[in-house]
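Asker: sequence-free structure coming up:
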């Protein structure tokens, strides 16, 4: 258990947000199934082999990708490695503190990682250089610049965009030695483009892409990762209250429609 | 008196070889000298029992990040409405290829002979940061310091412009 600062929401704010949602409206004028405005830019960090900046409303994440050559895991000797890390920067929120990653940061990195890994974004077998000895390790770093709710959907969208934008040097094996060709770059081998939708449960209703004000008062949260074919690749429930079976099924239905809309930002 | 704390932090993807997240000795030192550089400008006595936290995130590094950090942090303090005697502006001079030059790039710093980051309060030209590594004769140091101060004064115009663009008469 890590101690973190929590926001205390006045009862009047809680009531007004909840009342609006019960009427099918939201404090910022959206309908329950609306995302905030999304901005996505790629290739903005020259030093990174791939990068993206994503904004969902005022939530803003910078994503950078760096490759390194390393050893594969013993149980998957011919498979490259994807490592996802996140930093919740203190400038992004008064509740984020400097220091080692807290629970929220670890959850964000792990859920993003799961969605990318199980969603099979990168064909990691193509990143093997010498079986059992050397593979490409792809480091994906989430740098959270501004926090106004729903980090997970922004993180997955930005990560997929950054991965699609990535070019790594080519590595060849000559006389049992690895030669890195810094002149010829290759794109990462892409298989799928999974995306994630997050819903907050407030006043018994589900709203997509919760803002920070909504997250602060939500009873529960459900995030669903989905591939283009509609199959589910990752899920994460959060918050203190339960969901019903029907609520989850409903959220999956909306996710299949909304991930389609989010995917348009990748082009 | 208020306390100023600073954290200078590099994104893992900001440099050629991925930097492991978290503070290293270099960023701890830069955090300290940044806070030291900013402190003289702020009316700390106006904020007893307060802390002012300054967070600097380096998203991409190509030489001169500490100077850019101090320069931007000072504008951010003004943006936060914190009363100050003056802005603080920073710029490095140095020596590369035998010449005294301004604002060393990453390659010039790596292959160069000396690096001299300086921060000043431009109204009085008082120096709030001075570091040097490398090798300079006293005459070269004189020239490098003058060049750095000149560079600072140029950058100060950009700082003032940024504040004017946000708060100037045209924007109410």
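Answerer: All right, it came through fine. None of the values given here were measured: they were computed from a predicted structure.
Asker: Please work out which residues outside the host helix or strand of residue A:115 touch it.
Answerer: Secondary structure from DSSP states H and E places residue A:115 in helix A:103-118. Helix A:103-118 has contacts (CB atoms under 8 Å, 6 or more residues apart in numbering or on different chains) with A:2, A:4, A:82-88, A:101, A:122, A:140, A:142, A:144, A:151-152, A:155-156, A:159-160, A:163, A:194-196, A:223, A:225, A:233-234, A:236, A:238. For every residue, glycine as well, the C-beta is placed using N, CA and C.
Asker: how about low-confidence regions in chain B?
Answerer: B:169-172 (pLDDT under 70).
Asker: max-length helix in it?
Answerer: Taking DSSP state H as the criterion, chain B has its longest helix at helix B:138-167.
Asker: Looking at the helix holding residue A:115 now, give me its mean pLDDT.
Answerer: For helix A:103-118, mean pLDDT rounds to 97.
Asker: quick check, distance from that helix to the centre of its chain.
Answerer: 7 Å (CA atoms, centre = their mean, to the nearest Å).
Asker: Next SSE downstream of that helix?
Answerer: Counting by DSSP H and E, the element after helix A:103-118 in chain order, helix or strand, is strand A:128-130.
Asker: That next one pairs with which strands?
Answerer: Strand A:128-130 pairs in its sheet with strand A:134-146 (antiparallel), by DSSP bridges.
Asker: If I take the strand it pairs with and helix A:103-118, what angle do their directions form?
Answerer: Orientation check (axes from the mean of the first three to the mean of the last three CA atoms, to 10 degrees): strand A:134-146 against helix A:103-118 gives 130 degrees.
Asker: From the chain's centroid, how far away is strand A:134-146?
Answerer: From the chain centre to the centre of strand A:134-146 is a distance of 12 Å (CA atoms, centre = their mean).
Asker: do stretch A:96-113 as well
Answerer: Centre to centre, stretch against its chain (CA atoms, centre = their mean), the figure for stretch A:96-113 is 12 Å.
Asker: Next, the buried residues of that stretch.
Answerer: Using 16 or more other CB atoms under 10 Å in any protein chain shown as the test for burial, stretch A:96-113 gives A:96, A:98, A:101, A:104, A:105, A:107, A:108, A:109, A:111, A:112, A:113.
Asker: Quick check, residue B:114 in contact with residue B:136.
Answerer: Yes. Contact criterion CB atoms under 8 Å: residue B:114 and residue B:136 qualify, at 4.8 Å.
Asker: Now do the shared contacts for the two.
Answerer: By the contact definition CB under 8 Å, 6+ apart, residue B:114 and residue B:136 are jointly contacted by B:95, B:144.
Asker: three-state assignment of residue A:242?
Answerer: Taking DSSP: H, G, I helix; E, B strand; the rest coil as the rule, one finds residue A:242 in the coil state.
Asker: That one: neighbouring residues, count only.
Answerer: Residue A:242 is flanked by 10 other residues according to other CB atoms under 10 Å in any protein chain shown.
Asker: again with residue B:39
Answerer: As a burial measure, residue B:39 scores 17 neighbours (other CB under 10 Å).
Asker: And the helices in chain B, which stretches?
Answerer: B:25-38, B:65-79, B:106-111, B:138-167.
Asker: give the contact list for the closest residue to residue B:27 other than its chain neighbours.
Answerer: Spatial nearest neighbour of residue B:27, chain neighbours left out: residue B:8 (5.1 Å); criterion: CB to CB, 6 or more residues apart in numbering or on different chains. Listed by CB under 8 Å, 6+ apart, the contact set of residue B:8 reads B:27, B:30, B:31, B:34, B:56, B:58, B:65, B:66, B:69.
Asker: How about the fifth one, nearest residue that isn't a chain neighbour?
Answerer: If the residues on either side of it in the chain are set aside, residue B:56 comes closest to residue B:69, at 4.1 Å by CB to CB, 6+ apart.
Asker: Check chain B for the residue nearest chain A and tell me.
Answerer: residue B:13 (2.5 Å; CB to the nearest CB).
Asker: ok, residue A:153 to residue A:88 distance?
Answerer: Per CB to CB, to the nearest Å, residue A:153 is found 16 Å from residue A:88.
Asker: hang on, I meant residue B:110
Answerer: Residue B:110 is 32 Å from residue A:88, by CB to CB.
Asker: Neighbour count: the two, which is higher?
Answerer: Higher neighbour count among residue B:110 and residue A:88: residue A:88, with 24 against 11, using other CB under 10 Å.
Asker: wait, isn't that one in contact with residue A:147?
Answerer: Yes. Residue A:88 lies in contact with residue A:147 (CB under 8 Å); the separation is 7.1 Å.
Asker: residues shared between the contacts of these two?
Answerer: Common neighbours of residue A:88 and residue A:147 (criterion: CB under 8 Å, 6+ apart): residue A:96.
Asker: residues from chain A in reach of chain B?
Answerer: Chain A has residues A:45-48, A:51, A:62, A:64-66, A:68, A:85, A:87, A:89-91, A:98, A:100, A:139, A:141, A:143, A:145 near chain B, with proximity defined as CB under 8 Å from any CB of the partner chain.
Asker: 10 Å instead, please
Answerer: Chain A comes close to chain B at residues A:44-51, A:53, A:62-68, A:83, A:85-87, A:89-92, A:94, A:96, A:98-101, A:137, A:139-143, A:145, A:162, as judged by CB under 10 Å from any CB of the partner chain.
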